[in-house]
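Undergrad: the following comprises the amino acid sequence and a computationally predicted model.
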Amino acid sequence: MGRLQALVRRDQLEAVRRSVLTAIPVNMLLGLASVLVAFQGGNGRAGMIWYAASTGANLLRNGLCRAACSGLALTAAMPPNMAAAASRSVEVHLRASTLAALLSGLVWAFQPLLCAGYTSPQTLFYLTITCGITAGAVTHGTAYARIPCSFILLPLLSVALCLFAAGGFDRCCLGACVLLYLAALSRNAFQSEAGFREASRLKNDANALARSRAEAQASANALVEEMRWRATHDDLTGLLNRAGFIQQAEARLDLLAAEGKAGTACLLLLDLDGFKSVNDVYGHQTGDRVLVEVARRLRAALPPGGLAARLGGDEFAVLYDPVATGVPYAVLAGGLIAAVTQPFDGFDEGRLGVSVGVHGEPEPSLMAMLSYADEALYASKAAGRNRFRLFDVGLRDRLEMRRDLERDLSQALVENALEVWFQPIYALDARTLVGLEALVRWQHPRLGWIAPPDLIAAAAMAGLTESLLRFILDQVCRMMQILRAEGLGTVRVAMNVSPREMAQIPVDEIVTGRLGALGLPPAQLEIEITEETALDLGAVQGKLQALSRAGIRVALDDFGIGYSSLSSLRQLRADRIKIDRSFVTGLSICDDKRGLVLAVLGLGNLLGLEVVAEGVESEEDLQMLQAMGCPFLQGYHLGRPMPVQKLKATLLAGRTKAA
């Protein structure tokens, strides 16, 4: 049975129960009237027996109508197995009610015994009672035709048969009319049931449509909520994402301002140290598990009412109110560092750390707070892992300086306000010039001389990384032309390329294209990269190989303080390594440094790499390096960086010897 048909059947049973419970009192009153008439006609004993049977049938019908029926709980949303059981229960109760109606009708079929087969003077009364009760049964029993038809069938047949048996034209005509009356009532009962079923179907269809619309609306609302959640939360960790954090943080700051508590909020930015190596060594699935665990630890350490977010990658943010929570920023920052640096399952302790930048002073906007906290985070990472740094006056001055640099750098490049100076590199004898290292210099009209790292960072922030590289390359190519004109074509010129430049711009194409356009030999140029570049071999290896294939030499700068390994030396196609100045300066008085320098020299000899010692600052250090057999030397003791004109006037003037 279909679900809709089962629901119609349920409605029929409910209507049958209501109609039967309404009709039974009338049935009993009419039965009582029949008994009284029977007593008056001298047939009281038969009347009492009949009335007892009628009352028994009525009590049975009443009990069935009041009996529990699981089918009445049938709904459109009920599971199929429960719905099938409920439907069967409805059918059982309808059949039982039909049989009970038939039994009651059978009792009324014996009413002719009370009036001598409709021949006594009380015949008119009993005919009226019988016709009335049968008409009432059909009138009230519109929901399920079988019940009223079962009730009226036997009484009316009994009347017709008695009339036919009594004989006579009028009685036979009346009997025929009773049969016609039975047919009309039966037809009316089935028509009424058809109308009831159609109305029930329409009602249940409407309910189903309304329910479907409600479910669709609920589903749409749930989808909207999910989309809203996804728009403001990080799928991996469940924390707020950048957009969600900005939205909620700005609302929180507005609320504090409205309450007169502006400036009490504190922002912390966290960046995981060593997370990239976790991804590289253990895979991205492990990296994802680490991020999820870090998010869990941040939630656990978050003060009441605080916000935590994953801004992207391995960077997180926390915003809270130190005044309301009673938790100073130093305590929270220390707690977050301690939480993140707890051991993780699956890899060795200490591999992962965290740096924290803190901003806790009144600011006009969240964007300003984010900028300042990011500056503090940058300073924290520069100082080493597992530290926090508060944004202070010094960092504010540095940030303003960098912003000035970003604003003015473009114009400075257009006006050639930048300069490239060159520092000499000598052979073992400290007299033979073998190379020049190009160093960019900028004397800002207000800020004075700008340190190269600050200049490179400003170029990156201003989107001028490629423009700065091309400017330096042009100056290097000009120096190569000068050296060739002076007969010093074997002196190589080195230029530094930062990891950001190497990863973000096509350094290989720019360099080889410029050398080809000027007709300069690639072997005269050397590209210096720092050990930090080795962190992302995938992004730079192809470019370094292209440079090496073109004949351009590659030098690894600041060797010994970063991330290099024997495998990375080969993958980077390095031709030369430069010992960091921290191992060279003071070499003559430090045994540990001598051991390290000897180890690097041995490594270079083993791998066929040239070794340059940077930071030669004294005669004692020079003599020590010469005694060790360091082939190439560079430092202030031998020669400071100088502009091109000074270089031509001093170092290159009259020089004819070059390796």
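TA: Looks like it came in fine.
Undergrad: and for stretch 581-601, what's in contact with it?
TA: Residues outside stretch 581-601 that contact it (Cβ atoms under 8 Å, 6 or more residues apart in numbering): 559-561, 577, 579, 611, 613-618, 620-621, 623-625, 628-630, 635. The way it works is simple: take the backbone N, C-alpha and C, and place the C-beta from them, glycine included.
Undergrad: what does stretch 233-247 give?
TA: Counting by Cβ under 8 Å, 6+ apart, the neighbours of stretch 233-247 from elsewhere in the structure are 231-232, 248, 288, 291-292, 294-295, 298-299, 307-312, 316-317, 319, 366.
Undergrad: same question, stretch 138-151
TA: Outside stretch 138-151, the residues within contact range by Cβ under 8 Å, 6+ apart are 11-13, 15-16, 19-20, 22-23, 94, 97-99, 101-102, 104-105, 108, 134, 137, 152, 185-186, 188-190, 192-193, 195-196.
Undergrad: low-confidence ranges, this protein, go.
TA: Confidence mapping of the chain against pLDDT under 70 gives the ranges 1, 261-263, 347-350, 531-539, 560-572, 654-659.
Undergrad: center of it, which residue is that?
TA: The residue lying closest to the centre of the chain (Cα atoms, centre = their mean) is Asp235, at 2.1 Å.
Undergrad: quick one: buried ones out of the contacts of stretch 581-601?
TA: Among the contacts of stretch 581-601, those classed as buried by neighbour count (16 or more other Cβ atoms under 10 Å) are 559-560, 577, 579, 611, 613-618, 621, 624-625, 630, 635.
Undergrad: from those residues, which single one is nearest Gly346?
TA: Within those, the smallest distance to Gly346 is 30.3 Å, found for Gly560 (Cβ to Cβ).
Undergrad: now the strands for this protein?
TA: Counting by DSSP state E, the chain has these strands, from start to end: 266-273, 307-312, 315-320, 353-359, 388-390, 418-427, 433-444, 448-450, 492-496, 525-530, 553-559, 576-579, 610-613, 632-633.
Undergrad: what residues of the longest one count as buried?
TA: So that's strand 433-444. Burial within strand 433-444, assessed by neighbour count using 16+ other Cβ under 10 Å, is assigned to Leu433, Val434, Gly435, Leu436, Glu437, Ala438, Leu439, Val440, Trp442, His444.
Undergrad: Leu113 and Arg45 touch, don't they?
TA: No - under the contact definition of Cβ atoms under 8 Å, Leu113 does not touch Arg45, with a separation of 10.8 Å.
Undergrad: these two: who's more crowded?
TA: Using other Cβ atoms under 10 Å as the criterion, Leu113 and Arg45 rank with Leu113 on top: 16 against 10.
Undergrad: who's in contact with the residue lying closest to that one once chain neighbours are set aside?
TA: With sequence-adjacent residues excluded and distances taken as Cβ to Cβ, 6 or more residues apart in numbering, Leu113 is closest to Ala46, at 5.6 Å. Under the criterion of Cβ under 8 Å, 6+ apart, the contact partners of Ala46 comprise Ala38, Leu113, Leu114.
Undergrad: leaving out sequence neighbours, find the closest residue to the first one.
TA: If the residues on either side of it in the chain are set aside, Ala38 comes closest to Gly47, at 2.9 Å by Cβ to Cβ, 6+ apart.
Undergrad: where's the one you found relative to Gly463, distance?
TA: 111 Å (Cβ to Cβ, to the nearest Å).
Undergrad: which of those two has more neighbours?
TA: More crowded of Gly47 and Gly463, by other Cβ under 10 Å: Gly47, with 22 against 11.
Undergrad: so the more buried one makes contact with Ser34?
TA: Yes - under the contact definition of Cβ under 8 Å, Gly47 touches Ser34, with a separation of 6.7 Å.
Undergrad: what touches both of the two?
TA: Overlap of the contact sets of Gly47 and Ser34 (by Cβ under 8 Å, 6+ apart) consists of Leu114.
Undergrad: and the angle for the longest helix along the chain with strand 307-312?
TA: In the chain, taking DSSP state H as the definition, the longest helix is helix 169-232. Using axes from the mean of the first three to the mean of the last three Cα atoms, to 10 degrees, one finds that helix 169-232 and strand 307-312 are set 70 degrees apart in direction.
Undergrad: how far does helix 169-232 sit from its chain's centre?
TA: 46 Å (Cα atoms, centre = their mean, to the nearest Å).
Undergrad: which strands or helices does that helix pack on?
TA: Using 3 or more Cβ pairs under 8 Å, 6 or more residues apart in numbering; DSSP states H and E as the contact test, the elements touching helix 169-232 are helix 3-40, helix 123-140, helix 146-166, helix 242-258.
Undergrad: and the residue sitting furthest away from the middle of the chain, how far is that from Ile527?
TA: In the chain, Gly168 marks the outermost C-alpha relative to the chain mean, sitting 93.6 Å out by Cα atoms, centre = their mean. Using Cβ to Cβ, one gets 132 Å for the distance from Gly168 to Ile527.
Undergrad: what of Ser158?
TA: Where Ile527 is concerned, Ser158 sits at a distance of 118 Å (Cβ to Cβ).
Undergrad: also Ser200?
TA: Here the distance between Ser200 and Ile527 works out to 87 Å (Cβ to Cβ).
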